[in-house]
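Asks: Model the following, please.
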Amino acid sequence: MDVKCEDVRHLASLSDFSLSDQETESLKKDLQGIIKYISQLDELDTKDVEPTYQVFEMENVWRDDEILPQEANREALLALTKEEENHQIKVPKVL
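Replies: Residues are numbered from 1 along each chain as shown. Prediction:
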C-alpha cells in the first residue's frame, strides 16, 4: 500500500492536528514503514495454527455466595444521610 501526503493530511485533520509539510512527509515515511512491517504477516502460513485466546494459564475462581450478618441496619445508615425519602437515600439529580 502506498501512503500519499493527502492520506496523512486527512488523518491529521481527523485527529485535529496541524502538520507542516516536513512533518507530513516524515509521517508518510513512518506510516509506509509500519505498513511494510505489518504486511510481512501476510507471508506467514497460519493454516494449522490455533487461535490464541488466553496467553496465561488462568481460570475463573468460583465461590458460593454467602450472606453474612451485618453490623449496621437500615435505620442506622439512613440516619447518616442528609435526606431520605421512602426509606431510601435521596441524592441530587445527575442529568
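
Asks: Only C-alpha atoms from now on, for both contacts and neighbour counts.
Replies: Will do.

Asks: can you give me the helices in the chain?
Replies: Under the criterion DSSP state H, the chain contains helices at 5-14, 21-39, 74-78.

Asks: got those as JSON lines, with mean neighbour count columns?
Replies: As requested, the helices of the chain are exported to JSON lines (neighbours: other Cα atoms under 10 Å):
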{"stretch": "helix 5-14", "mean neighbour count": "14"}
{"stretch": "helix 21-39", "mean neighbour count": "14"}
{"stretch": "helix 74-78", "mean neighbour count": "11"}
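
Asks: Can you lay out the ones you listed as JSON lines showing mean pLDDT?
Replies: Listed next are those as JSON lines, based on pLDDT from 0 to 100:
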{"stretch": "helix 5-14", "mean pLDDT": "92"}
{"stretch": "helix 21-39", "mean pLDDT": "93"}
{"stretch": "helix 74-78", "mean pLDDT": "88"}
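
Asks: can you put those in CSV and add distance to Asp65?
Replies: Below are those laid out as CSV (distance: least, Cα to Cα, whole Å):
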stretch, distance to Asp65
helix 5-14, 49
helix 21-39, 47
helix 74-78, 21
